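Enquirer: need a 3D model of the following:
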Amino acid sequence: MTKIQDESSPLAAQLREDIGLAASTKADVFARLREQYDADMQAYDAAQKQKNIERQSMSAEQRERHEALDFARANVELSGGKISEEEWQHGLRWANGEIDMDAYIAGVAGKHGSTG
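Expert: Just a heads-up that it's a prediction; the model follows:
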């Protein structure tokens with residue numbers, strides 16, 4: 001890095017301006033990211049409250065199944081995967097007690113092929 005001999009030169013002034021702009025840009029980006037995070041967290045909290053309200057009438061087993069299904073979906077999505085709407089609906093049938101685990105696994109294995 002070259003040291004500027006004359007701190008009052010136009011080059012020095014431009015560098016100071018560029019550094020100031022970069023610092024303010026980072027601060028602006030951080031502020032926007034923070035606002036987006038806050039909004040996302042509010043939406044997440046609202047969704048969680050709604051889920052809790054909907055699940056109050058469920059049996060303890062159904063609540064546990066829904067929580068397991070939510071965890072599985074989050075795990076897949078955090079790993080970069082995606083669960084199709086059809087797969088999600090199949091999982092909900094299991095979580096709601098409409099089908100048992102064997103039927104759930106048979107449906108998944110039938111769609112994706114058996115590995116056994």
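
Enquirer: contacts, neighbours, all on C-alpha from now
Expert: OK.

Enquirer: over to the residue most central in space within the chain: give its phi and psi.
Expert: Central residue of the chain (CA atoms, centre = their mean): Leu78, 6.8 Å from the mean position. Dihedral pair for Leu78: phi -70, psi -20, per degrees, to the nearest 10.

Enquirer: what about it, distance to Phe71?
Expert: Per CA to CA, to the nearest Å, Leu78 is found 10 Å from Phe71.

Enquirer: and stretch 63-76, which residues are buried?
Expert: 63, 65-66, 69, 73 (16 or more other CA atoms under 10 Å).

Enquirer: which one of the residues you listed is nearest Asp40?
Expert: Arg73 (17.9 Å; CA to CA).

Enquirer: need the contact list for the closest one.
Expert: Ile83 (CA atoms under 8 Å, 6 or more residues apart in numbering).

Enquirer: and stretch 54-66, end to end?
Expert: End-to-end distance (CA to CA), stretch 54-66: 11 Å.

Enquirer: same question but for stretch 46-62, I mixed them up
Expert: Stretch 46-62 end-to-end distance (CA to CA) = 21 Å.

Enquirer: stretch 49-65 now?
Expert: Taking CA to CA, stretch 49-65 runs 17 Å from one end to the other.

Enquirer: what's next to that stretch, contact-wise?
Expert: 94-97.

Enquirer: try it again with 7 Å
Expert: Stretch 49-65 is contacted by residues 95-97 when judged by CA atoms under 7 Å, 6 or more residues apart in numbering.

Enquirer: let me know the closest of those residues to Leu21.
Expert: Nearest to Leu21 among the contacts of stretch 49-65, counting by CA to CA, is Ala95 at 52.8 Å.

Enquirer: any idea how far the closest one lies from Ala106?
Expert: The separation that Ala95 has from Ala106, given CA to CA, amounts to 15 Å.

Enquirer: more crowded one of these two?
Expert: Taking neighbours as other CA atoms under 10 Å, Ala95 and Ala106 compare with Ala95 leading, 22 against 13.
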